[in-house]
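1. give the three-dimensional model of this entry:
(one chain, ligands or ions: 1)
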Amino acid sequence: MLLRLAYVSQFKPDMTAERITGMIEAASAANTRHGITGVIALEDLRVCQVIEGERADIVRLFANIRADQRHSSIIELDRREVAERRYPEWSMVRCRMVDMVLHAYAVL
Ligand SMILES: Cc1cc2nc3c(=O)[nH]c(=O)nc-3n(C[C@H](O)[C@H](O)[C@H](O)COP(=O)(O)O)c2cc1C
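-> Numbering: from 1, shown residues only. Reported below is the predicted structural model:
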């Protein structure tokens, strides 16, 4: 069974655009290795991310993400078992906040 999880958080002020880009590149490479897919939307320091994959992989990754000192104010929005991935081709793609909302309501 696949798990899809969505959360919001806030990068710490020392996270520059360069550091954020590097972090997403590393996350994308790691996600490819673990069969994790999803999207991340950023607006200033605010983050909204959706991750999906095998339950154990998502639980492990979210524990890592929760403990990550590069952001704070982490709020889990949704966690659900799904039959299919919504982002099967995307190891971790940056999208616009408005597209994240449209995806959430399955308009796209
Ligand atoms: C906002 C945010 C999103 C992240 N997203 C991912 C992700 O999608 N995949 C990933 O492997 N790491 C992601 N990370 C990094 C993890 O928190 C962690 O550093 C990574 O899993 C490596 O942990 P490890 O070295 O202990 O295995 C993210 C970190 C932050 C702050």
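
2. which elements pack onto the longest strand along the chain?
-> Ranked by number of residues, the top strand in the chain under DSSP state E is strand 71-82. Secondary-structure packing of strand 71-82 (3 or more CB pairs under 8 Å, 6 or more residues apart in numbering; DSSP states H and E): strand 2-11, strand 46-54, helix 55-67. For the C-beta atoms, the positions are set from N, CA and C on the backbone; glycine is no exception.

3. mind listing what the residue minimising distance to the centre of the chain touches?
-> Note on the chain: the residue nearest the mean C-alpha position is Gln49, at 3.0 Å, using CA atoms, centre = their mean. Counting by CB atoms under 8 Å, 6 or more residues apart in numbering, Gln49 makes contact with 6-7, 9, 38-41, 65.

4. closest to the ligand among the residues you listed?
-> When the contacts of Gln49 are compared for distance to the ligand (CB to the nearest ligand atom), Ile65 comes out closest, at 4.4 Å.

5. farthest residue from the center of the protein?
-> Asp14 (20.0 Å).

6. redo the helices and strands packed on strand 71-82 as JSON lines? Include distance to the ligand.
-> Listed next are those as JSON lines, based on distance: least, CB to the nearest ligand atom, whole Å:
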{"stretch": "strand 2-11", "distance to the ligand": "6"}
{"stretch": "strand 46-54", "distance to the ligand": "5"}
{"stretch": "helix 55-67", "distance to the ligand": "4"}
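
7. for the ones you listed, which one sits closest to Thr21?
-> Each of those was scored for nearness to Thr21 using CB to CB, and the closest is strand 2-11 (12.0 Å).

8. what's the closest one in contact with?
-> Contact with strand 2-11 is made by 20, 42, 45-55, 58-59, 62, 65, 70-86, 104, as judged by CB under 8 Å, 6+ apart.

9. hmm, the helix or strand following it touching the ligand?
-> Scanning forward in sequence from strand 2-11 by DSSP states H and E, the next helix or strand is helix 17-34. Yes. Helix 17-34 lies within reach of the ligand by CB under 6 Å from any ligand atom, at 23, 27, 30-31.

10. now these in TSV, with neighbour count and pLDDT?
-> Below are the residues of helix 17-34 next to the ligand laid out as TSV (neighbours: other CB atoms under 10 Å; pLDDT from 0 to 100):
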residue	neighbour count	pLDDT
Met23	17	96
Ala27	19	97
Ala30	14	97
Asn31	20	98
